[in-house]
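K.L.:
Curious how this folds, go ahead:
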Amino acid sequence: MKPTSIDADNPLGYQKESKLLINFAIPCIISMLVTALYNIVDQIFIGQGVGMLGNAATNIAFPLSTTCTAISLLLGIGGASNFSLELGAGNDKKASKSAGNAMMLMAVFGLSLFIIVVLFLTPMLKFFGATEDVLPYAQTYTRITSIGFPFLIANTGISKLILADGSPRYSMTSMLVGAIVNTILDPILIFVFDMGMAGAAIATITGQIISFCISLRYVFHFKHIRLTKDSFRLDLRHCQKIFALGASACFNQIAMTIVQIVMNNTLSHYGALSSYGSEIPLACAGIIAKVNMVFMAIVIGISQGTQPIVGFNYGARKYGRVKKTFLLAVGTATALSFVAFLCFQLFPRQIISIFGQGSDMYFTFAERYFKIYMFLTLANGIQPVSSNFFTSIGKSRLGVFMSLTRQIIFLLPLIVIFPLFMGIDGVMYAGPIADAAAAVVCVFFSVREMKELNAKQKEISGGSGAAATIAG
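P.N.:
Numbering: from 1, shown residues only. Next up is the predicted model:
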């Protein structure tokens, strides 16, 4: 198909869907892996240099990391989705306004989160499930990493706008450079300078600030829009669209944060009643959550890679391309989910060992948790792709609902109810049941949407045929 006048200079409207998905998804996957890498690298070096209490402390601080991601996706995905829809419809000025407003909101939210954490650090960490032994480590780590929150939020959010503008490699580079810096500094500060938790935190914020500076440079070099002072003046209508379209990705992260807090407290409480104690479940669950982040980073990267393709073509009424892109993304995510399932079931002890040594009881709990809680990982590729898809086509409410299915609607009640009857094992069995239920819901709504896209495509084809007949 040749490009129309609307998208003549934008390959999103005519280039082969599989090629576009590769070009956009791979940088997104790498960017998301980099975000996960910040946490993984800290966890590995802290585990080797500080020990189990250090690992438990990073688990306690983890909800703040997911909160940053939630805010950045709310504004980044929301701004980028509206940007793509307006660009596909030919509204360049509205696209510029959406990008500028999103960036202003990133600055406001980032600074606000930093202030809140500084003011309420200790009670916040206790609420997250910190025990007396773990609290000092968590305080040291979080007090420093909170300085990087505004930079992390802005960089992650701007990277989504860069992606929507058609520069996936630049988006990837900005994230990758910061991760490399963090990886180099971690062992130097933790082992050479013997700075422990503080060293890991300083390495993290240094990488985040460098990544932000790289992303900021692109703000002055957008390819398809030109930002002016007016673009950055907050407009209620544009802000509402950003919040609506970014809500799905944001709520998915908020759900993870809520679940993590409840799970930490549940593991601490029921762990104390078991032979494992409180610290072993906290440390093991934290490691497994970070490992799962690597797999989920790939799946979420695929879903985010589809956003500019789906958004642009839906705005341009090319529904056949929208459907094909979605099906390619779901198929790829499901295949990768199966690979992750095999790794989690066959090599749990080897994976846990990367993060430091522990007692026999420590490894026994970790292996059981891995094999049971992650049993239905092979179904986890469907939900992120589906929820992001509905957001990309402007159906924000359905996208929000889909994003809440696994974490809030199914998993959260189960990790509260099951331990009442099964003790700490109840947390483990809640995972696969929630995964199965969420997959069923997502498949139902996705199949329904595919039928609607087919109907819309037939209407357009029929209209074009009738017009050609009249002209003839």
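K.L.:
In the stretch 251-400 of the chain, where is pLDDT below threshold?
P.N.:
Within the stretch 251-400 of the chain, no range satisfies pLDDT under 70.
K.L.:
what are the ranges of the helices in it?
P.N.:
279-315, 319-346, 348-353, 360-373, 382-392, 396-404 (DSSP state H, counting those that start in this stretch).
K.L.:
now the last one: how far from the chain's centre is it?
P.N.:
Meaning helix 396-404. 15 Å (C-alpha atoms, centre = their mean, to the nearest Å).
K.L.:
again, but for the first one
P.N.:
Per C-alpha atoms, centre = their mean, the displacement of helix 279-315 from the mean C-alpha position of its chain is 5 Å.
K.L.:
and if you look at the fifth one?
P.N.:
Here the centre of mass of C-alpha atoms in helix 382-392, compared against the chain's by C-alpha atoms, centre = their mean, lies 12 Å away.
K.L.:
I'd like to know which elements that helix is packed against.
P.N.:
helix 52-88, helix 236-272, helix 279-315, helix 319-346, helix 396-404, helix 425-471 (3 or more C-beta pairs under 8 Å, 6 or more residues apart in numbering; DSSP states H and E). All C-beta atoms are positioned from the backbone trio N, CA, C, and that covers glycine.
K.L.:
switch the cut-off to 6 Å
P.N.:
helix 236-272, helix 279-315, helix 319-346, helix 396-404, helix 425-471 (3 or more C-beta pairs under 6 Å, 6 or more residues apart in numbering; DSSP states H and E).
K.L.:
out of the helices of the stretch 251-400 of the chain, nearest to Leu414?
P.N.:
Leu414 lies closest to helix 360-373 among the helices of the stretch 251-400 of the chain, at 11.2 Å (C-beta to C-beta).
K.L.:
Contacts for that closest one next, please.
P.N.:
Outside of helix 360-373, the residues within contact range by C-beta atoms under 6 Å, 6 or more residues apart in numbering are Tyr276, Ile280, Cys284, Ile288, Phe344, Gln345, Pro348, Arg349, Ile352, Met428, Gly431.
K.L.:
how about the helices in the stretch 101-250 of the chain?
P.N.:
121-127, 135-145, 149-164, 168-187, 196-218, 236-272.
K.L.:
Same list, those, but as JSON lines with distance to Lys19 and mean neighbour count please.
P.N.:
Supplementary listing: those in JSON lines, determined by distance: least, C-beta to C-beta, whole Å; neighbours: other C-beta atoms under 10 Å:
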{"stretch": "helix 121-127", "distance to Lys19": "46", "mean neighbour count": "16"}
{"stretch": "helix 135-145", "distance to Lys19": "39", "mean neighbour count": "21"}
{"stretch": "helix 149-164", "distance to Lys19": "16", "mean neighbour count": "28"}
{"stretch": "helix 168-187", "distance to Lys19": "12", "mean neighbour count": "21"}
{"stretch": "helix 196-218", "distance to Lys19": "23", "mean neighbour count": "22"}
{"stretch": "helix 236-272", "distance to Lys19": "25", "mean neighbour count": "21"}
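K.L.:
Good, wrapping up.
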